[in-house]
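[1] Let me see the structure of the following:
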Amino acid sequence: MARIVLVHGAFSGAWCWEPVLPGLRAAGHTMQTVDLPGSGEDRTPVAGVTLAAYAERVGDALREGSPAVLVGHSMGGMVITQAAALYPERVAALVYVTAFLPSDGQSLIDLTALPEGADDQVQANLVVAGDPPVATMPAAASRQALFACCDDTQAAWAVQRMGSQPVLPFTQPVNLGGAGADAFAALPRAYVSCTLDRAIPVALQRRMLQSAGCDPVIELVTDHSPWISRSDELVTALDGLAAGR
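    Numbering: from 1, shown residues only. The predicted model follows:
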């Protein structure tokens, strides 16, 4: 079966994938999760947290084994896009789980500013402070924006693990040119769309996935965090995509 590298989103860490790992292992896949710089258990100083540093961290994981199915959630979509552009020979396929999916030269902030992103409840509730700036999400806002389809136990488990998020990577555009541009452009791309997402509105998801030519597209009727709100359904989706079904 497949080797799968899983990349988390903002305010999160490798911990977020814990609910889906047993199911993917049972299906025969080999998984690797990463803490992006400054996230989870990683203690990179805020000044060192950039989109380039994120991509290099994923590149390190990709070099540890055979070409992998590279999965990104939310902001992780920006990261896997940049990492795959740098190391297309280490990537078997790209899977975006209700994730940002940029074109060349676009940043995450650029994508949220599109008309289809107008109802983004993350941007509406960010609290930004410091120099370099760091964003946090209040617990109540997180519950509604990220975990609306979770039960109270699931939501509490996730909310208490959320951390702060350096803002700089949100502002930095992907660079998809270079020597590997043709190989990157040829990579298979799939999208798991969450139709009740309040963080990346479904209209924005559809604009991005259509622009990128994602095929197949799998829809889950849930919130922004299917790794906990619909973990069994996400396992089924990732298993099928990783196995080429």
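
[2] all helices of this protein, in order?
    Listed in chain order, the helices of the chain (DSSP state H) span 21-26, 51-62, 76-86, 108-112, 139-146, 152-159, 168-171, 181-185, 202-212, 226-229, 231-242.

[3] the inter-axis angle of the last one versus helix 152-159?
    Right, the one you point to is helix 231-242. 60 degrees (axes from the mean of the first three to the mean of the last three C-alpha atoms, to 10 degrees).

[4] Now do helix 231-242: distance to the chain's middle.
    A distance of 15 Å separates the centroid of the chain from that of helix 231-242, by C-alpha atoms, centre = their mean, to the nearest Å.

[5] list the buried ones in it?
    Using 16 or more other C-beta atoms under 10 Å as the test for burial, helix 231-242 gives S231, E233, L234, V235, A237, L238, D239, L241, A242. C-beta here means a position set from N, CA and C on the backbone, and glycine is covered the same way.

[6] Can you add pLDDT and distance to P88 and give those back as CSV?
    Shown next, in CSV, are the buried residues of helix 231-242 (pLDDT from 0 to 100; distance: C-beta to C-beta, whole Å):
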residue, pLDDT, distance to P88
S231, 98, 30
E233, 98, 29
L234, 98, 25
V235, 98, 27
A237, 98, 23
L238, 98, 21
D239, 98, 24
L241, 97, 18
A242, 95, 18
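
[7] which one of the residues you listed is nearest T33?
    Of all the buried residues of helix 231-242, L238 has the smallest distance to T33: 12.9 Å, by C-beta to C-beta.

[8] so how far is I228 from the most centrally placed residue in the chain?
    The residue lying closest to the centre of the chain (C-alpha atoms, centre = their mean) is H73, at 2.1 Å. Noted for H73: a distance of 11 Å to I228, by C-beta to C-beta, to the nearest Å.

[9] shared neighbours, the two?
    Jointly contacting H73 and I228 under the rule C-beta atoms under 8 Å, 6 or more residues apart in numbering are C16.

[10] if I pick the residue nearest to the centre of the chain, what's in contact with it?
    Contact analysis of H73 by C-beta under 8 Å, 6+ apart lists L6, V7, H8, G9, S12, C16, V97, T98, A99, W227.

[11] Of the residues you listed, which is the nearest to S164?
    Of all the contacts of H73, S12 has the smallest distance to S164: 11.0 Å, by C-beta to C-beta.
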